[in-house]
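> following is a predicted model, sequence given first.
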Amino acid sequence: MALSDLQVYSEYAYTTFTETLQQQVELFNAATGGALMLSSAAHQGDFSQEAFFARIAGGTVRRRNAYGSAAITEKILSQKEDVSVKVAAGTPPIRIDPGQFRWIQMNPEVAGVVLGQQLAVDSMADMLNTGLGVVRSALSGVPEVVLDVSADAGNAGLMSFQNLNRAQALFGDRSSRIQTWVTHSAPLHALYGQNLKNENGLFSYGTINVIRDPFGKIIVMTDSPQLIEVNANPALNKYHTLGLTTGALRIGQNNDFEANEEARNGRENIVRTYQAEWSFNVGVKGFAWDKTAGGKSPTDAALFQASNWDRIMTDKKDLAGVVLTSRAA
């Protein structure tokens, strides 16, 4: 495989990766009602920080005594900081031995397109799984937005529309802010098993399905490992269904994709490997990444640690949403 062939391969791998991912990102944002927001960005440094004015505790209106002269307690208009964190990602070395192309007379453009498409699917799944794990972890640290029915007997412990309603009721008079449910397929199929029917398919890509429930709210079905707690007894598996508001999860691609090829001798055939790397930022509505406790370039373990996400919104109704924990059987 000539150097020019390798350049063609890399060019098509990158172009297909970018175009495929961008197309699906735009479709996914629209299909999920804006609850899961994936966007292009170019964040510098390890964190993205945005200051905003906090809601004044207790409100801005008081009852005064028209005939009094006593001193009153002042309130302060303060700022808070919304912080997202940059996550580093990449591929393992992928073998693209030049002999493979010559042996089957394959155009390197074809292999580049195939790799680019696979990278787009896998990287999107990685960003979403990471984001879902982050949202679940952050919300799990706030007990007043978590409804756990997994210990309830019979159908009471399943994901039902009654339990979904109980979960969104945690937002009280702002329950309408819950726009989207994100759930594992197991509890959703249990829901269908209760003689409820859905035929309004909206979007399907890879392992992700987006549909609507009879209430008109969107249900995103994806078998993300971040939505299940596996037990030795499958009947005791716990599933976390997320009820999310608009902008609950923000993922920003940093447009820093870089690939490298390396050729090695000393084996039966010439070995050439392809390796790529990139990054994305992840942020949760109502929470800020703890730069001290969580640190830079975090691992999944750090990202999914609830204590590394500091609550910055006082009112629970201003958070990313609610969590319903249930069984599937």
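Perfect, thanks for sending it.

> by residue count, tell me the biggest helix in the protein.
Longest helix in the chain, counting residues (DSSP state H): helix 108-140.

> next structured bit after that helix?
strand 146-148 (DSSP states H and E).

> what lines up beside that next one in the sheet?
Here strand 146-148 has these sheet partners by DSSP bridges: strand 321-326 (parallel).

> neighbouring contacts of the strand it pairs with?
Contact with strand 321-326 is made by 35, 135-136, 139-140, 145-150, 157-159, 163-164, 166-168, 170-171, 178, 187, 238-245, 248, as judged by Cβ atoms under 8 Å, 6 or more residues apart in numbering. (Glycine included, C-beta is placed from N, CA and C.)

> where is the longest strand in the protein?
Determined from DSSP state E, the single longest strand within the chain is strand 271-284.

> report all helices and strands that that strand contacts.
Where contact means 3 or more Cβ pairs under 8 Å, 6 or more residues apart in numbering; DSSP states H and E, strand 271-284 is packed against helix 3-31, strand 79-90, strand 94-95, helix 108-140, strand 249-253, strand 258-264.

> returning to that earlier point: next one: the longest helix of the chain to chain centre, how far?
Distance of helix 108-140 from the chain centroid (Cα atoms, centre = their mean, to the nearest Å) equals 10 Å.

> and for stretch 164-178?
21 Å.

> buried residues in that stretch?
With burial defined by 16 or more other Cβ atoms under 10 Å, the residues of stretch 164-178 counted as buried are L164, A167, Q168, L170, F171, R177, I178.

> can you name the two of the residues you listed that sit furthest apart?
L164 and R177 (14.4 Å; Cβ to Cβ).

> distance of K316 from K291?
24 Å (Cβ to Cβ, to the nearest Å).

> tell me where the model's unsure across the stretch 51-200 of the chain.
For the stretch 51-200 of the chain, the stretches with pLDDT under 70 are 51-58, 76-82, 97-112, 194-200.

> try 90 this time
For the stretch 51-200 of the chain, the stretches with pLDDT under 90 are 51-85, 91-129, 154-156, 160-162, 188-200.

> roughly how far apart are A167 and L244?
Taken as Cβ to Cβ, the span from A167 to L244 is 11 Å.

> ugh, wrong one, I meant L227
Applying Cβ to Cβ to L227 and L244 gives a distance of 12 Å.

> these two: who's more crowded?
L244 (29 against 24; other Cβ atoms under 10 Å).

> quick one: contacts for that one?
Applying Cβ under 8 Å, 6+ apart, the residues contacting L244 are A35, L36, V135, I178, Q179, T180, W181, V182, A320, G321.

> tell me the pLDDT at the spatially closest residue to the fifth one that is not a sequence neighbour?
Pointing back at Q179 there. Nearest residue to Q179, sequence neighbours excluded (Cβ to Cβ, 6 or more residues apart in numbering): G33, at 4.4 Å. On pLDDT, G33 comes in at 81.
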